[in-house]
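Enquirer: Sequence plus predicted model, see below.
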Amino acid sequence: MAWLRLVLVVCALSACKFNPAANDDTGDATDSVTVEFTTSSSSADESGDVMVEVALSGQAGSTVTVSYGANDGSALLDSDYSLAGSTLTFAPGETTQRIPVHIIPDGMMEMDETFELRLLSASGATVGSNNAHTITISNDILPRVSFSADTSNSVEDQQTTITVQLDKAAPTQTTVEIGILGTSTASGADFTLAADTVVTFPAGSMTQTVQLGEIDDNLDEDPETVQLELKNASTGIIIGTVGTRTHTIDDNDDPPVLQFQASTSTAAENGGNKAIVVTLDNPSGKTVSASYSASGALGDATVVGAPGTVTFAPGETQQTITVTPIDDTIDEDNQSVTITLGNLSNATLGGRDTHTLTILDDDNPPSVQFTTAAQSVAEANTSVVVVATLSSASEKTVTMPFTTNGSTAQTPQDFSISTSPLTFAPGTTSRSLTIDVQDDNSDEADETVAVSITNPTNATIGGTATHSVTITDNDNAPQVSWDPTQSDAIVNEGDPPPNSRSFSYDVVLSAASGKQVTVPISFSGDADLLADYTVGTAMPLVFAPGETRKSVTIRVVADTTKETGADQDEDVIMTIDTVGLLNATRTNPFTRTHTIHDDD
């Protein structure tokens with residue numbers, strides 16, 4: 001029996017009749033992949049050719065070549081049939097092919113004839129046990145099996161009947177397989193018809209049907225196609241002209257709704273990345289995308305990728321946009337960042353198209369205090385500046401109320417001061433207030449202006465909460481004297497009667513003093529105290545601050561005794577003394593003489 005070498009064409013794995021073995025692409029393909037015919041026999045007649053399917057048991061990781069040949073039986077090579085080659089090369093990943101066999105018509109009435117194809121050897125695979133296939137050439141025109149149409153269409157919620165028909169009845173039961181030649185969909189997900197479904201024609205039957213079994217899912221998806229093929233016809237029939245059928249399944253689902261999972265959320269400033277979830281209400285069979293942009297306090301947080309795009313692969317229903325808060329040391333109000341969705345592809349926009357993330361501040365407020373605790377200024381100066389500072393910048397407005405309670409200086413006569421409170425605008429760390437000092441003519445003790453911080457807003461009180469300004473006095477002590485507009489007096493001792501007469505002499509200060517002034521006065525002369533006169537004013541004289549005049553009262557005692565001596569008049573000499581004089585200096589006239597004239 002003569003051998004011819006044939007070209008092996010590998011079939012799709014889904015069409016093979018044996019179970020594929022697992023194949024490790026990195027291993028030895030010869031040990032793990034076998035090659036065989038998928039059927040052991042088929043039919044032909046002189047009006048058509050035959051395609052004989054051969055399959056690998058699994059995907060090979062390297063190139064596979066197979067040599068094949070033919071054994072003549074009652075059919076003879078080049079007389080009854082011919083072959084196109086003797087070897088075939090399989091690229092990695094290919095699993096099925098077909099050997100084309102041309103039947104040569106001879107125009108003679110003759111008996112059925114047979115010949116055998118045989119797989120001879122393989123490189124990169126092992127030849128399996130089903131290595132022979134017998135072809136019977138009928139002496140009659142065999143029935144042709146075909147699809148009723150080469151294209152069809154349905155919506156996924158409809159059911160499609162696939163009709164397979166013979167152009168004439170076969171005298172015995174015959175079969176043909178429906179294979180899946182190619183598809184943009186998947187059996188079990190979009191339709192239920194299994195690959196290699198066997199269609200059986202009882203003897204005399206010409207039409208059979210199977211259901212494609214469209215599956216009505218909830219996925220918005222593009223139209224999907226499945227290409228069916230008739231193959232492996234049993235002995236007695238052959239594949240006709242309509243051996244393939246392309247069916248398109250149209251989608252009936254609305255696109256999914258895309259929106260944020262929630263409209264708002266919060267994140268701690270020091271909490272790290274925050275995932276903002278974007279959802280689809282249903283999975284989609286298409287790639288879904290939407291653009292997003294960010295606005296708001298972008299100096300306080302980074303919206304990763306913004307402006308950017310969020311993309312859902314088919315089947316995914318959730319994606320995230322990452323926001324990274326910036327952890328600073330500035331006390332500030334809670335800040336917000338708004339993310340907005342737009343420019344959708346293969347989806348509709350839901351009601352939650354924006355998401356506002358509030359970033360919760362975690363920083364303590366700054367402290368406010370004076371830069372120094374004290375300073376002094378001469379009364380003649382016009383103003384003095386007191387500086388207050390924050391321990392750190394704040395993004396809030398800080399107010400610092402202050403009082404001058406506890407000051408010995410008085411307003412407005414001694415000073416005036418800036419209006420409380422002192423205000424720090426956001427970002428400002430230093431502010432000053434001004435004290436204007438009033439220059440008077442009053443001798444007085446040094447005075448202080450005590451400025452104290454009270455109840456600041458958006459800040460705490462620091463260590464130096466009070467600043468004391470000492471105003472040093474620049475005025476001389478006033479001069480004290482008897483009133484120069486008055487003069488010494490001479491009075492009769494009995495004028496007026498009956499017993500005494502009072503006389504007043506004024507002691508004056510040249511200017512009001514802010515201090516208490518003490519003026520001692522001594523009495524001398526030849527008049528006798530108590531016998532000739534009495535003093536009606538307490539001694540020493542005390543001038544309260546601000547007083548400039550005090551009176552000394554002399555009361556003359558009237559008697560009936562004739563005074564003796566050359567000078568019968570008696571004098572009371574009143575002297576402002578320096579010993580014991582406080583907060584003043586003595587000036588003329590510092591004596592005053594009161595003369596008592598004897599009238600007896």
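Expert: Yes, it's here.

Enquirer: how about low-confidence regions in this structure?
Expert: The chain contains residues with pLDDT under 70 at 1-31, 109, 183-188, 494-501, 559-567, 599-600.

Enquirer: Nearest the geometric middle of it, what residue?
Expert: Residue closest to the average C-alpha location in the chain (Cα atoms, centre = their mean): residue 323, at 3.8 Å.

Enquirer: Which helix or strand contains that residue?
Expert: strand 318-325 (DSSP states H and E).

Enquirer: roughly how far is that strand from the heart of the chain?
Expert: 8 Å (Cα atoms, centre = their mean, to the nearest Å).

Enquirer: For that strand, which helices and strands make contact with it?
Expert: strand 264-268, strand 274-280, strand 301-303, strand 308-312, strand 335-345 (3 or more Cβ pairs under 8 Å, 6 or more residues apart in numbering; DSSP states H and E). In this view, the C-beta of every residue, glycine as well, is placed from N, C-alpha and C.

Enquirer: swap the cut-off to 6 Å and go again
Expert: Packing partners of strand 318-325 (3 or more Cβ pairs under 6 Å, 6 or more residues apart in numbering; DSSP states H and E): strand 274-280, strand 301-303.

Enquirer: Any idea which of those strands gets closest to residue 573?
Expert: strand 301-303 (93.8 Å; Cβ to Cβ).

Enquirer: before we move on, the earlier item: tell me the angle the strand holding residue 323 makes with strand 335-345.
Expert: 150 degrees (axes from the mean of the first three to the mean of the last three Cα atoms, to 10 degrees).

Enquirer: Give the pairing partners of strand 318-325; include direction for each.
Expert: Using DSSP bridges, the strands paired with strand 318-325 are strand 274-280 (antiparallel), strand 301-303 (antiparallel).

Enquirer: now those strands in TSV, with distance to residue 334 and mean neighbour count?
Expert: As requested, the strands paired with strand 318-325 are arranged in TSV below (distance: least, Cβ to Cβ, whole Å; neighbours: other Cβ atoms under 10 Å):
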stretch	distance to residue 334	mean neighbour count
strand 274-280	14	19
strand 301-303	12	20
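
Enquirer: Make JSON lines out of these and add distance to residue 311.
Expert: As requested, the strands paired with strand 318-325 are exported to JSON lines (distance: least, Cβ to Cβ, whole Å):
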{"stretch": "strand 274-280", "distance to residue 311": "10"}
{"stretch": "strand 301-303", "distance to residue 311": "16"}
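
Enquirer: Which among the ones you listed is found nearest to residue 422?
Expert: strand 301-303 (32.2 Å).

Enquirer: Show me what counts as buried in the strand holding residue 323.
Expert: Within strand 318-325, the residues that count as buried by 16 or more other Cβ atoms under 10 Å are 319, 321, 323, 325.

Enquirer: do the same with stretch 503-521
Expert: 503, 505-509, 512-515, 517, 519, 521.

Enquirer: how much space between residue 251 and residue 212?
Expert: Residue 251 is 16 Å from residue 212, where distance means Cβ to Cβ, to the nearest Å.

Enquirer: before we move on, the earlier item: outside of the strand holding residue 323, which residues touch it?
Expert: 267, 269, 273-279, 301-304, 310, 312, 357, 359 (Cβ atoms under 6 Å, 6 or more residues apart in numbering).

Enquirer: mind redoing it with 8 Å?
Expert: Identification of contacts with strand 318-325 by Cβ atoms under 8 Å, 6 or more residues apart in numbering yields 261, 267-280, 292, 300-306, 308, 310-312, 337, 339, 357, 359.
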